[in-house]
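**Student:** no sequence on this one, just coordinates:
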Ligand SMILES: C[S@@+](CC[C@H](N)C(=O)[O-])C[C@H]1O[C@@H](n2cnc3c(N)ncnc32)[C@H](O)[C@@H]1O
């Protein structure tokens, strides 16, 4: 069968920030989505031809974000939902603070797959200056040989997911049907399905125990409200999605599938849902990128090592002239948490959306899904093919050869690059409570 070249590739929705001293690039990646018609409210019901902006307070997503003191969600027919500043926001402030991924996975066959824990995303060494000399983990799944862990703790916690995905991983290795990036997307898709399964199971336990502990976190039903752009994908692409869907259905544990889709009708729904989920992942997933130490002294490279789906961060639209960027709290220094470091809970792929410019109340808050240093023609082409929209941002309207200024990015980096560790840490400082913290060396730096 034909290889799915670049299938479900993670096109980055992200800001690219490059430092001069190190090669740090902050890239947020939201892969393209396909939309499901039912759950996403549109403005078209009553205003078919009007480009009217409306607030959508009743929408799940906006309920989840409603606690934000910084932003509110609006919607237009042309741009779908988008985030708007509720008040003046200063450069350096966090817009969505410390959002943990709903699902996350390491890239398939990533060069660093044995040096970054597949569960917590912590690095195998917190001191090594070079990834070449950083030791490989020894703990791994001996059945599939795809997942590697920093500790028994992470391995046993990951089992909740891994026991359901291991067989598919194994089959994926010998399959020539899909390319590497497609296999990464399949990994993330599996996590999404397993998460759905775990939620169903959790719910039934709660019902049986008559427990009503409320949970405020993002749920699978919220994920289904993300943009899918379903009708905008080519027939060929949907055919590719169907192949992936069949592969997953064939390789996943039958008992497991029975829980998700107990009836025949639900099996068909499951197949259609997989297509929808693939669309959602394409339009909404983010690159997980870390600043990785290189062999040259004080040199770092920002590398994409995985992908994740972040619900709240998926509400931000793209602009080639962005006013926020995403910073991953790479937990490279997870283990040696000392008294002077913050207590950390959560996944190391947790990220923050940070203002890189002063933003005025009522301004749209957006970041760049793709590299803004590309030419306008290339940007428009990429956004259209990967995210299914025509960019009409200030940088795209006008001169065909115009390249957006990256001055604001460099200025931001200048100000928010960590200068600790004899001035060569090169992490990114992000706000935590009333302080700033470096995403690499993690000492608190008072604002
Ligand atoms: C991550 S979602 C952003 C939120 C989305 N608008 C929604 O309603 O859920 C990405 C999708 O939003 C739309 N989008 C993002 N930026 C846009 C822009 N500048 N203009 C028009 N549509 C945009 C595209 O359909 C894109 O695939």
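**Tutor:** It's in. Note that the coordinates shown come from a computational prediction; the quantities given were computed from them, not determined experimentally.
**Student:** isn't there a strand covering residue 83?
**Tutor:** Yes. Secondary structure of residue 83 (DSSP: H, G, I helix; E, B strand; the rest coil): part of a strand.
**Student:** from now on call the first residue 16
**Tutor:** All right, first residue 16 from here; so that's residue 98.
**Student:** now the residue in the chain that the ligand sits nearest to. Its backbone dihedrals?
**Tutor:** Residue of the chain nearest the ligand, by CB to the nearest ligand atom: residue 95 (2.8 Å). C-beta coordinates here come from the backbone N, C-alpha and C atoms, glycine included. Here is the backbone geometry of residue 95 (degrees, to the nearest 10): phi 70, psi -150.
**Student:** pLDDT at residue 86, what is it?
**Tutor:** Looking at residue 86, its pLDDT stands at 86.
**Student:** distance check, the closest residue to it other than its chain neighbours against residue 329.
**Tutor:** Closest residue in space to residue 86, ignoring its immediate chain neighbours: residue 98 at 4.8 Å, by CB to CB, 6 or more residues apart in numbering. According to CB to CB, to the nearest Å, residue 98 and residue 329 sit 10 Å apart.
**Student:** residue 120 now?
**Tutor:** Distance from residue 120 to residue 329, by CB to CB: 17 Å.
**Student:** check residue 96 too.
**Tutor:** 9 Å.
**Student:** residue ranges of the helices in the stretch 316-462 of the chain, please?
**Tutor:** 391-397, 422-431, 435-438 (DSSP state H, counting those that start in this stretch).
**Student:** sorry, wrong one. I was asking about the stretch 66-215 of the chain.
**Tutor:** Under DSSP H, counting those that start in this stretch, the stretch 66-215 of the chain gives helices at 75-80, 167-189, 195-223.
**Student:** TSV please, covering the ones you listed and showing distance to the ligand.
**Tutor:** Listed next are the helices of the stretch 66-215 of the chain as TSV, based on distance: least, CB to the nearest ligand atom, whole Å:
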stretch	distance to the ligand
helix 75-80	8
helix 167-189	24
helix 195-223	15
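**Student:** which residues of this structure lie near the ligand?
**Tutor:** By the rule CB under 6 Å from any ligand atom, the part of the chain lying against the ligand is 45, 47-48, 93-97, 241-242, 244, 298-299, 329-330, 332-333, 402-404, 406.
**Student:** now list the buried members of these.
**Tutor:** Among the residues of the chain next to the ligand, those classed as buried by 16 or more other CB atoms under 10 Å are 45, 47-48, 94-97, 241-242, 244, 298-299, 329-330, 332-333, 402-404, 406.
**Student:** inside strands: which ones of those residues?
**Tutor:** Using DSSP state E to define strands, the subset of these located there is 95-97, 332-333.
**Student:** could you list the low-pLDDT ranges of the stretch 166-315 of the chain?
**Tutor:** Scanning the stretch 166-315 of the chain with the threshold set as pLDDT under 70 gives 219-231, 306-315.
**Student:** how about the stretch 16-165 of the chain?
**Tutor:** Within the stretch 16-165 of the chain, the segments meeting pLDDT under 70 span 16-83, 111-113, 140-147.
**Student:** 80 instead?
**Tutor:** 16-84, 106-113, 137-149 (pLDDT under 80).
**Student:** out of everything not next to it in sequence, what's closest to residue 183?
**Tutor:** residue 266 (4.2 Å).
**Student:** count the neighbours of the one you found for me.
**Tutor:** 17 (other CB atoms under 10 Å).
**Student:** is it true that it touches residue 186?
**Tutor:** Yes. Using CB atoms under 8 Å, residue 266 is in contact with residue 186, at 4.7 Å.
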